[in-house]
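[1] Have a look at this fold, sequence not included:
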């Protein structure tokens, strides 16, 4: 058990505004400090004793120019390394709304280089899995959202939710050992990086996001993305288990500044209340003599109990907004970080024995003990039956063909079977010895097997056969190396070289990416039956949509990536073909030189042709590996762009649905008001009212006539077709 203090980092969000608070970053021993300077307000004559200088120490302060990759390398990589060793880990971002927490944890949607800690962690984890070939890893992922003190499973496989309320509720349960369990939270297996990123994409699509005066895309909930890692070394009965929490806390906000009301105000109350309870827990943990820790005050502190004061290596990132109007919140965030740094957790490696292997070992031990008891008792004397002989033959064959070093020949405690197995082994050894002998004529062994006469083979022929076999082995090793490299990257590369005009028509190895489960689910949401008028309204809404330019830019960037991938695929194909061609020439040259050396007796130590072929092969291998690595990196970028494009399309569809429902409600109100007027006026006035209403509606820019609910019925004095203004 090791004492580990919570590490704290600070990240300053880039600000374009001119009203920036005065701050300075400096180095102090092994820590970085950030200082804020606030001059006293002199417009009043009374005494002002407010502090002018505030200085806070952090493990590292990331200034405005810091890139996402640097934050990941310094903050996340050490935590991931601890998780692979069996320690629990947590990274959480804290700060006011609009300070860059979601950008740090999840990343931005504009560029591939803006990926946050979560997607980079998934990529880095599977890279480490491939490097540690002596271990077997299993990865499970959960995604929990806490909205207004209610938990929701963002990865529920049984629901295709269009609203957050449609997702299943997650509830807390506590066992007698005070361990927290989450009911209705689904676990998903991630066999590779693509599966893990798809799960992240599905969860982010279901998150609760709203526009506030402080942030255009403010996350209105706390989200906890958890990676459960299971590691077992090959041949070992010990399992290491760890969980890695990546927490994106909702931002605190002051209601008197934002002026929020309605749903936004209710969300702000719950967010501030849960963060207040979090601060209470932090304060209680920092006090040495405190016995009671108020974890149960909120759902978030209950879920993060281990991360805050238990068996976990925790890291905090304090996101700072340096605008002058946000100075008080920035200082509050820094003070909170200083209190967090006082907490020290007792961490241990989570190791346990594999119950399956323990059961198998105990069964084997019981079997051996029974055999020993059987050997000590009376032994049968009758001759072995035929089926017993067959079973012994099979057991001996399995024992000889087994690759494991600890393989055992188990035939029970019957001495007849044991002696028969010894007889079979002796027979095989005698056969092997007699076969190795080469005489002038065929000979018959005592077991009745004929030893073939091999005297017709000359010494020169045997040497040539041995040399050819050696060259074949060398070529087989090279082919196997290339096959392993191809399988490791996961790309299928053809070996047929395109020639002439067919080279352009040949298909690249970088095939279009197949639709994953997330894309299929999103397309199901988008494929809704629309009437003709509704489709026309959607096209006009899409044309004037504020983010349509971003969608088109991503489409163009995706086309460029596809084109680049196609070119790299052709390069890989050509390199593969050239390698095979050179390999064939090299094999042929070696055979020629071997035959010439044996028949003519002139050996050449240095063959210029062979050396030239080797150099050409090395060049092609280097080109092949370089292109293959670029293709793999480009594939990840294409998948990321596809996810962003799917997310943008889904948001467009949801915005259109919201706009459509609002317009329908307005039209229903207009229809009801017209009916009320028609019921209260004389027939002569009714005709005049209908004429005025038609003139008023006709003066506005209208969409095509859109039929409400697909019906075309009409009433006296009012047409049921709806003209929706843009």
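    Structure's in. What do you need? It should be emphasised that the depicted structure is a prediction, and the values quoted were computed from it without experimental measurement.

[2] contacting residues around residue 636?
    Under the criterion of C-beta atoms under 8 Å, 6 or more residues apart in numbering, the contact partners of residue 636 comprise 123, 193. Using the backbone N, CA and C atoms, a C-beta is placed for each residue, glycine as well.

[3] That one and residue 311: what is the separation?
    Residue 636 sits 34 Å away from residue 311, taking C-beta to C-beta, to the nearest Å as the criterion.

[4] Ok, residue 20 next?
    From residue 20 to residue 311 the distance is 41 Å (C-beta to C-beta).

[5] quick one: which of these two has more around it?
    residue 311 (17 against 14; other C-beta atoms under 10 Å).

[6] And the pLDDT at the more buried one?
    Per-residue confidence for residue 311 comes out at a pLDDT of 86.

[7] now it, what's its secondary structure?
    Secondary structure state of residue 311, per DSSP: H, G, I helix; E, B strand; the rest coil, is coil.

[8] which residues touch residue 104?
    The neighbourhood of residue 104, defined by C-beta under 8 Å, 6+ apart, consists of 11, 68, 71, 93, 116, 117, 317, 319.

[9] Now pLDDT too, for these, in a markdown table please.
    Converted to a markdown table, these look like this (pLDDT from 0 to 100):
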| residue | pLDDT |
| --- | --- |
| 11 | 93 |
| 68 | 91 |
| 71 | 93 |
| 93 | 92 |
| 116 | 91 |
| 117 | 94 |
| 317 | 94 |
| 319 | 92 |
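
[10] and those residues, which of them are in strands?
    The strands in this structure, assigned by DSSP state E, contain 11, 93, 317, 319 from those.

[11] Nearest residue to the residue nearest the centre of the chain in space, please, no chain neighbours.
    Geometric centre of the chain, nearest residue: residue 196, 2.9 Å, by C-alpha atoms, centre = their mean. Excluding its sequence neighbours, the residue lying closest to residue 196 (C-beta to C-beta, 6 or more residues apart in numbering) is residue 190, at 3.9 Å.

[12] Next one: that neighbour relative to residue 82, how far apart?
    Distance, residue 190 to residue 82, using C-beta to C-beta: 20 Å.

[13] And for residue 568?
    Applying C-beta to C-beta, one obtains 36 Å for the distance of residue 568 from residue 82.

[14] Looking at these two now, which is surrounded by more residues?
    Shown here are residue 568 and residue 82; by other C-beta under 10 Å, residue 568 has more neighbours (23 against 19).

[15] That one contacts residue 629, correct?
    No: the pair residue 568 and residue 629 fails to qualify as a contact (C-beta atoms under 8 Å) at a distance of 9.7 Å.

[16] What's the first helix or strand after whichever helix or strand residue 130 is part of?
    Element membership of residue 130, judged by DSSP states H and E, is helix 117-131. Stepping forward along the backbone from helix 117-131, the first helix or strand reached (DSSP H and E) is strand 135-147.

[17] Give me the buried positions along that next one.
    For strand 135-147, burial by neighbour count (16 or more other C-beta atoms under 10 Å) applies to 137, 139, 141, 142, 143, 144, 145, 146, 147.

[18] same thing with stretch 113-129?
    Applying a neighbour-count criterion of 16+ other C-beta under 10 Å, one finds 115-122, 124-126, 128-129 buried in stretch 113-129.

[19] which one of those residues is nearest residue 62?
    Minimum separation from residue 62 among the buried residues of stretch 113-129 (C-beta to C-beta) is found for residue 117, which lies at 12.4 Å.

[20] can you confirm residue 589 is in a helix?
    Yes: judged by three-state DSSP, residue 589 forms part of a helix.

[21] tell me the contacts of it?
    If a contact means C-beta under 8 Å, 6+ apart, then residue 589 has 607, 609, 610, 613 as its contacts.

[22] one more time with 6 Å, if that's ok
    Residues near residue 589 by C-beta atoms under 6 Å, 6 or more residues apart in numbering: 609, 610.

[23] likewise residue 617?
    The contact partners of residue 617, taken as C-beta under 6 Å, 6+ apart, are residue 582.

[24] Go again with 10 Å.
    The contact partners of residue 617, taken as C-beta atoms under 10 Å, 6 or more residues apart in numbering, are 478, 578, 579, 581, 582, 583, 585, 586.

[25] I'd assumed residue 620 was in contact with the second one.
    This means residue 578. Yes: here residue 578 reaches residue 620: they are 4.7 Å apart, a contact under C-beta atoms under 10 Å.
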